[in-house]
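Novice: Provided below for reference: sequence and predicted model.
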Amino acid sequence: MMAEISETENRLFGLIRSWLGMTAPIPHAAKAPMDRNTRLSFERTFLAHERTLMAWIRTSSSLITFGFSIYKFFELEQSAGKGFMTVQTVGPRDFSMMLIIIGVVALVVATLQHRRQLRILKMEYENAPASTAGLLAGLISAMGLLAVVAVFFRL
(Lines give C-alpha, C1' and ligand atoms only; values in the text may rest on other atoms or scores of the structure.)
Protein backbone atom coordinates (compact mmCIF):
# COMPACT_ATOMS: atom_id res chain seq x y z
CA MET A 1 0.00 0.00 0.00
CA MET A 2 2.82 2.37 0.84
CA ALA A 3 4.43 1.78 -2.56
CA GLU A 4 1.18 2.75 -4.28
CA ILE A 5 0.99 6.05 -2.38
CA SER A 6 4.61 6.77 -3.17
CA GLU A 7 4.07 5.99 -6.85
CA THR A 8 0.97 8.23 -6.92
CA GLU A 9 2.93 11.04 -5.30
CA ASN A 10 5.72 10.59 -7.82
CA ARG A 11 3.24 10.82 -10.72
CA LEU A 12 1.61 13.90 -9.17
CA PHE A 13 4.97 15.62 -8.69
CA GLY A 14 5.92 14.66 -12.22
CA LEU A 15 2.76 16.27 -13.60
CA ILE A 16 3.31 19.43 -11.56
CA ARG A 17 6.93 19.67 -12.60
CA SER A 18 6.10 19.16 -16.28
CA TRP A 19 3.36 21.81 -16.01
CA LEU A 20 5.94 24.21 -14.56
CA GLY A 21 8.34 23.36 -17.36
CA MET A 22 10.86 21.59 -15.15
CA THR A 23 12.70 18.49 -16.23
CA ALA A 24 14.86 17.84 -13.15
CA PRO A 25 14.31 14.76 -11.01
CA ILE A 26 11.40 14.53 -8.55
CA PRO A 27 12.11 16.26 -5.20
CA HIS A 28 11.84 13.00 -3.22
CA ALA A 29 14.67 11.45 -5.20
CA ALA A 30 18.04 11.43 -3.49
CA LYS A 31 20.14 14.33 -4.67
CA ALA A 32 23.87 14.43 -4.88
CA PRO A 33 25.46 17.30 -2.95
CA MET A 34 25.90 20.35 -5.12
CA ASP A 35 29.33 21.40 -6.13
CA ARG A 36 30.49 24.98 -5.67
CA ASN A 37 29.68 26.10 -9.21
CA THR A 38 26.11 24.76 -9.07
CA ARG A 39 25.49 26.37 -5.69
CA LEU A 40 26.79 29.72 -6.93
CA SER A 41 24.64 29.49 -10.05
CA PHE A 42 21.55 29.00 -7.87
CA GLU A 43 22.54 32.03 -5.80
CA ARG A 44 23.01 34.13 -8.94
CA THR A 45 19.60 33.04 -10.19
CA PHE A 46 18.00 33.94 -6.85
CA LEU A 47 19.65 37.35 -6.87
CA ALA A 48 18.53 37.94 -10.47
CA HIS A 49 14.92 37.27 -9.41
CA GLU A 50 15.36 39.71 -6.50
CA ARG A 51 16.77 42.42 -8.80
CA THR A 52 13.91 41.96 -11.23
CA LEU A 53 11.33 42.38 -8.48
CA MET A 54 13.19 45.43 -7.16
CA ALA A 55 13.00 46.99 -10.63
CA TRP A 56 9.23 46.38 -10.66
CA ILE A 57 9.00 47.90 -7.18
CA ARG A 58 10.87 50.99 -8.38
CA THR A 59 8.61 51.37 -11.41
CA SER A 60 5.40 50.75 -9.51
CA SER A 61 6.26 53.08 -6.64
CA SER A 62 7.07 55.79 -9.20
CA LEU A 63 3.65 55.35 -10.80
CA ILE A 64 1.91 55.37 -7.41
CA THR A 65 3.69 58.46 -6.10
CA PHE A 66 3.38 60.33 -9.38
CA GLY A 67 -0.36 59.63 -9.50
CA PHE A 68 -0.85 60.73 -5.89
CA SER A 69 1.26 63.86 -6.50
CA ILE A 70 -0.88 64.84 -9.50
CA TYR A 71 -4.01 64.42 -7.41
CA LYS A 72 -2.67 66.52 -4.51
CA PHE A 73 -1.29 69.23 -6.82
CA PHE A 74 -4.62 69.78 -8.53
CA GLU A 75 -6.44 69.56 -5.21
CA LEU A 76 -4.24 72.36 -3.83
CA GLU A 77 -4.71 74.41 -7.00
CA GLN A 78 -8.47 74.07 -6.75
CA SER A 79 -8.55 74.98 -3.05
CA ALA A 80 -6.42 78.08 -3.80
CA GLY A 81 -9.14 79.26 -6.16
CA LYS A 82 -7.27 78.56 -9.37
CA GLY A 83 -9.74 76.79 -11.57
CA PHE A 84 -9.07 74.43 -14.42
CA MET A 85 -11.19 73.14 -17.22
CA THR A 86 -14.29 71.45 -15.87
CA VAL A 87 -15.27 69.80 -19.16
CA GLN A 88 -12.70 67.05 -19.55
CA THR A 89 -12.84 63.47 -20.66
CA VAL A 90 -10.33 62.42 -18.01
CA GLY A 91 -9.77 64.85 -15.16
CA PRO A 92 -6.77 65.01 -12.86
CA ARG A 93 -8.47 62.83 -10.23
CA ASP A 94 -9.33 60.12 -12.76
CA PHE A 95 -5.87 60.26 -14.32
CA SER A 96 -4.15 60.01 -10.95
CA MET A 97 -6.42 57.12 -9.97
CA MET A 98 -5.48 55.28 -13.17
CA LEU A 99 -1.75 55.76 -12.52
CA ILE A 100 -2.04 54.50 -8.96
CA ILE A 101 -4.11 51.47 -9.96
CA ILE A 102 -1.73 50.59 -12.80
CA GLY A 103 1.19 50.82 -10.35
CA VAL A 104 -0.50 48.57 -7.78
CA VAL A 105 -1.63 46.00 -10.36
CA ALA A 106 1.83 45.88 -11.95
CA LEU A 107 3.41 45.32 -8.54
CA VAL A 108 0.96 42.58 -7.58
CA VAL A 109 1.51 40.74 -10.89
CA ALA A 110 5.30 41.08 -10.56
CA THR A 111 5.15 39.79 -6.98
CA LEU A 112 3.09 36.76 -8.01
CA GLN A 113 5.55 35.98 -10.80
CA HIS A 114 8.45 36.39 -8.36
CA ARG A 115 6.85 34.00 -5.85
CA ARG A 116 6.26 31.42 -8.60
CA GLN A 117 9.87 31.62 -9.71
CA LEU A 118 11.13 31.26 -6.14
CA ARG A 119 8.91 28.19 -5.61
CA ILE A 120 10.46 26.62 -8.69
CA LEU A 121 13.94 27.51 -7.44
CA LYS A 122 13.22 26.07 -3.98
CA MET A 123 12.10 22.77 -5.55
CA GLU A 124 15.62 22.37 -6.87
CA TYR A 125 17.59 24.10 -4.15
CA GLU A 126 16.14 23.63 -0.66
CA ASN A 127 18.44 26.17 0.97
CA ALA A 128 17.20 29.17 -1.02
CA PRO A 129 17.06 32.24 1.21
CA ALA A 130 13.89 34.19 1.99
CA SER A 131 13.02 37.09 -0.28
CA THR A 132 13.41 40.54 1.24
CA ALA A 133 12.22 42.10 -2.01
CA GLY A 134 8.94 40.23 -1.61
CA LEU A 135 8.41 41.83 1.80
CA LEU A 136 9.13 45.26 0.38
CA ALA A 137 6.74 44.62 -2.51
CA GLY A 138 3.99 43.81 -0.02
CA LEU A 139 4.60 47.04 1.88
CA ILE A 140 4.60 49.15 -1.30
CA SER A 141 1.39 47.42 -2.44
CA ALA A 142 -0.26 48.35 0.86
CA MET A 143 0.91 51.93 0.40
CA GLY A 144 -0.55 51.95 -3.11
CA LEU A 145 -3.89 50.64 -1.88
CA LEU A 146 -3.96 53.39 0.75
CA ALA A 147 -3.30 55.93 -2.02
CA VAL A 148 -6.20 54.53 -4.07
CA VAL A 149 -8.49 54.84 -1.04
CA ALA A 150 -7.29 58.42 -0.38
CA VAL A 151 -7.94 59.51 -3.95
CA PHE A 152 -11.27 57.68 -4.19
CA PHE A 153 -12.64 59.21 -1.00
CA ARG A 154 -10.95 62.57 -1.65
CA LEU A 155 -8.91 62.51 1.55
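Specialist: Everything's here; your move.
Novice: Would you check how far apart Gln78 and Ala110 are?
Specialist: The gap separating Gln78 from Ala110 is 34 Å, by C-beta to C-beta, to the nearest Å. C-beta here means a position set from N, CA and C on the backbone, and glycine is covered the same way.
Novice: more crowded one of the two?
Specialist: Set side by side, Gln78 and Ala110 show more neighbours around Ala110, with 21 against 13, by other C-beta atoms under 10 Å.
Novice: where do the helices sit along this structure?
Specialist: Ranges of helices within the chain are 2-19, 36-79, 92-124, 132-152, based on DSSP state H.
Novice: Which residues does stretch 82-101 contact?
Specialist: By C-beta atoms under 8 Å, 6 or more residues apart in numbering, the residues outside stretch 82-101 that reach it are 63-64, 66-71, 73-74, 77-78, 144, 147-148, 151-152, 154.
Novice: Just the buried ones from those?
Specialist: Leu63, Ile64, Gly67, Phe68, Ile70, Tyr71, Phe74, Gly144, Ala147, Val148, Val151 (16 or more other C-beta atoms under 10 Å).
Novice: Determine which two of these are furthest apart.
Specialist: Maximum pairwise distance among the buried ones among the contacts of stretch 82-101 (C-beta to C-beta): 19.3 Å, between Phe74 and Gly144.
Novice: Can you point out the buried residues in stretch 98-116?
Specialist: Across stretch 98-116, burial judged by 16+ other C-beta under 10 Å covers Leu99, Ile100, Ile101, Gly103, Val104, Ala106, Leu107, Val108, Ala110, Thr111, His114.
Novice: Tally up the residues packed near the closest residue to Leu155 other than its chain neighbours, please.
Specialist: Ranked by C-beta to C-beta, 6 or more residues apart in numbering and with sequence neighbours excluded, the top spatial neighbour of Leu155 is Val149, at 7.4 Å. By other C-beta under 10 Å, the residues close to Val149 number 11.
Novice: pretty sure Ile102 is touching Leu63, no?
Specialist: Yes. If you go by C-beta atoms under 8 Å, Ile102 and Leu63 touch, sitting 5.8 Å apart.
Novice: Need the residues touching each of the two.
Specialist: Residues touching both Ile102 and Leu63 (C-beta under 8 Å, 6+ apart): there are none.
Novice: so what's the spatially most central residue of the chain up against?
Specialist: Residue closest to the average C-alpha location in the chain (C-alpha atoms, centre = their mean): Thr111, at 1.3 Å. Contacts here follow C-beta under 8 Å, 6+ apart; on that basis Thr111 touches Leu53, Trp56, Gly134, Ala137, Gly138, Ser141.
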